[in-house]
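Participant: Need the 3D shape of this:
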Amino acid sequence: MANDIPNGNGAQAPETAPSMSALIQYTKDFSFENPKAPRSLSQQTQQGPQMSLQVNVSTAPLGEDDYETVLQLEGKAELGGETLFAFDLSYGGVFRIQNVPQEHIHPVLVIDCARLLFPFARQIIAEAVQNGGFPPFYVPSIDFAALFQQRVQELQAQGAPNA
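Facilitator: Numbering: from 1, shown residues only. Modelled structure (predicted):
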């Protein structure tokens with residue numbers, strides 16, 4: 001039995017070690033638009049399109065230790081005020097988090113779980129853009145810890161009493 005294996009100093013292995021497991025990942029919702037095709041595919045320009053990207057991470061409890069994290073990436077490319085392409089991806093995962101203090105679960109979900117989902121979501125977008133006739137668009141790396149800290153500061157500022 002795994003729980004009976006002693007560690008290096010003769011003590012039993014702790015049953016309360018924090019753990020996080022990805023149980024499943026999935027595309028929850030996805031949309032790709034190429035509204036000006038085929039005209040947009042032949043537009044050549046010295047400067048590339050102007051890209052915009054919005055990132056959101058949401059979470060929901062599913063059971064005692066199971067949680068859903070959904071990474072939403074919404075973006076578009078514009079050239080001369082016209083949309084070349086647009087995408088909206090909600091990519092989710094179910095994670096089992098055990099032996100983590102309650103106050104640390106939300107940061108684990110929006111930082112660590114989102115970080116695990118990101119490469120897969122990034123690949124879906126790159127392939128969809130390429131299949132739409134454009135060079136693949138690789139979503140730049142996202143610092144989920146910085147996004148979390150920014151959101152915490154925004155919430156604190158909203159809840160702060162007027163000075």
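
Participant: Can you tell me the SS state at residue 142?
Facilitator: Here residue 142 is coil, with the state taken from DSSP: H, G, I helix; E, B strand; the rest coil.

Participant: Is it in contact with residue 55, as I believe?
Facilitator: Yes. In this structure, residue 142 is within contact of residue 55 by Cβ atoms under 8 Å, at 5.9 Å. (C-beta placed from N, C-alpha, C; glycine too.)

Participant: Please identify the buried residues of the lengthiest strand in the chain?
Facilitator: In the chain, with assignment by DSSP state E, the single longest strand is strand 82-98. By neighbour count on 16 or more other Cβ atoms under 10 Å, the buried set for strand 82-98 is 84-95, 97.

Participant: What of stretch 112-125?
Facilitator: So, applying 16+ other Cβ under 10 Å, buried residues of stretch 112-125: 112-118, 121-122, 124-125.

Participant: next one: stretch 124-143
Facilitator: 124-125, 128-129, 132, 134, 137, 139, 142.

Participant: mind putting the residues you listed in JSON lines, pLDDT, distance to residue 21 and secondary structure included?
Facilitator: As requested, the buried residues of stretch 124-143 are exported to JSON lines (pLDDT from 0 to 100; distance: Cβ to Cβ, whole Å; DSSP: H, G, I helix; E, B strand; the rest coil):
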{"residue": "124", "pLDDT": "97", "distance to residue 21": "22", "secondary structure": "helix"}
{"residue": "125", "pLDDT": "97", "distance to residue 21": "26", "secondary structure": "helix"}
{"residue": "128", "pLDDT": "96", "distance to residue 21": "29", "secondary structure": "helix"}
{"residue": "129", "pLDDT": "94", "distance to residue 21": "32", "secondary structure": "helix"}
{"residue": "132", "pLDDT": "91", "distance to residue 21": "35", "secondary structure": "coil"}
{"residue": "134", "pLDDT": "89", "distance to residue 21": "36", "secondary structure": "coil"}
{"residue": "137", "pLDDT": "88", "distance to residue 21": "31", "secondary structure": "coil"}
{"residue": "139", "pLDDT": "92", "distance to residue 21": "25", "secondary structure": "coil"}
{"residue": "142", "pLDDT": "93", "distance to residue 21": "22", "secondary structure": "coil"}
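
Participant: Mind picking the two most distant members of those?
Facilitator: Farthest-apart pair in the buried residues of stretch 124-143 is 132 and 142; separation 22.2 Å (Cβ to Cβ).
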